[in-house]
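S.K.: sequence first, then the predicted structure, then my questions.
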Amino acid sequence: DAVAHLLKNDDFRRIVWGERGVKELILKVQQGPPSPIVYKSIVCVWLLSFEGDILKEFEKFDAATKLQDVFQTSRVEKVIRVSLAALRNCLKNQSLASDIVEQGTLEALQQLEDEKWHDAERYDDIQDTCSQLGTRVSELSNFDRYEKELSTGNPQWGFIHSEKFW
């Protein structure tokens with residue numbers, strides 16, 4: 001709670017992010033914790049996602065996987081709402097967007113479209129985010145990306161190796 005409250009202030013975000021143990025505290029939340037803990041963690045991710053330099057660091061902490069885990073396991077509306085907002089901000093960073101695409105987050109979001117939500121706005125949020133992510137999938141699954149992967153000499157199994165790409 002304290003970290004989330006401090007991150008609400010733009011001036012404190014970089015300071016709090018730089019403190020020892022904060023990164024791990026925010027991004028270590030995985031499947032299983034009670035929803036209030038997941039919610040606070042995702043609120044912190046969302047607040048931090050407004051800072052471009054911090055967004056660059058999210059890749060090191062596997063934030064793409066954490067967000068996808070939330071989409072796959074949580075059906076709490078406020079958790080999904082803030083996770084969608086965090087995801088939209090994360091898509092602004094090219095490298096992080098690439099990780100999000102590689103994780104198959106689009107498929108996880110498409111499954112959310114079939115869920116029953118009490119708030120009609122949730123359907124719109126999910127569809128809008130799916131559309132944005134679908135655009136990124138199109139951008140990141142082209143032949144140029146495949147060529148770049150080959151030129152680095154470090155090919156990794158992922159989205160561009162799927163039937164959809166070929």
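M.R.: Everything's here; your move. Residues are numbered from 1 along each chain as shown.
S.K.: residue 39: neighbour count?
M.R.: By other CB atoms under 10 Å, 22 other residues sit near residue 39. Using the backbone N, CA and C atoms, a C-beta is placed for each residue, glycine as well.
S.K.: remind me, longest helix of this structure?
M.R.: helix 120-140 (DSSP state H).
S.K.: now that one: buried residues?
M.R.: Buried residues in helix 120-140, counted by 16 or more other CB atoms under 10 Å: 122, 125-126, 129-130, 132-133, 136-137, 140.
S.K.: which secondary structure elements does it contact?
M.R.: helix 77-90, helix 94-102, helix 105-112 (3 or more CB pairs under 8 Å, 6 or more residues apart in numbering; DSSP states H and E).
S.K.: and the second one with helix 77-90, angle?
M.R.: Put plainly, it is helix 94-102. With axes from the mean of the first three to the mean of the last three CA atoms, to 10 degrees applied, the angle from helix 94-102 to helix 77-90 works out at 130 degrees.
S.K.: which residues does helix 94-102 contact?
M.R.: Applying CB atoms under 8 Å, 6 or more residues apart in numbering, the set of residues contacting helix 94-102 from outside is 55-56, 58-59, 62-65, 67-68, 87, 90-91, 133, 136-137, 140-141, 158-159.
S.K.: rewinding a little: what angle do the longest helix of the chain and helix 105-112 make?
M.R.: 160 degrees.
S.K.: now helix 120-140 - C-alpha only, PDB.
M.R.: Only the C-alpha atoms of helix 120-140 are listed here, as PDB (Å, rounded to 0.1, in the frame of the first residue of the first chain):
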ATOM      1  CA  ALA A 120     -20.000  -3.100 -20.000                       C
ATOM      2  CA  GLU A 121     -17.000  -0.800 -20.400                       C
ATOM      3  CA  ARG A 122     -14.800  -3.800 -19.700                       C
ATOM      4  CA  TYR A 123     -15.700  -5.400 -23.000                       C
ATOM      5  CA  ASP A 124     -14.800  -2.100 -24.800                       C
ATOM      6  CA  ASP A 125     -11.500  -1.900 -22.900                       C
ATOM      7  CA  ILE A 126     -10.600  -5.500 -23.800                       C
ATOM      8  CA  GLN A 127     -11.600  -5.100 -27.500                       C
ATOM      9  CA  ASP A 128      -9.600  -1.800 -27.700                       C
ATOM     10  CA  THR A 129      -6.500  -3.400 -26.100                       C
ATOM     11  CA  CYS A 130      -6.900  -6.400 -28.400                       C
ATOM     12  CA  SER A 131      -7.000  -4.100 -31.400                       C
ATOM     13  CA  GLN A 132      -3.800  -2.200 -30.200                       C
ATOM     14  CA  LEU A 133      -2.000  -5.500 -29.500                       C
ATOM     15  CA  GLY A 134      -3.200  -6.900 -32.800                       C
ATOM     16  CA  THR A 135      -1.600  -4.000 -34.600                       C
ATOM     17  CA  ARG A 136       1.700  -4.700 -32.700                       C
ATOM     18  CA  VAL A 137       1.500  -8.300 -33.600                       C
ATOM     19  CA  SER A 138       1.200  -7.300 -37.300                       C
ATOM     20  CA  GLU A 139       4.200  -5.000 -37.000                       C
ATOM     21  CA  LEU A 140       6.300  -7.400 -35.000                       C
END
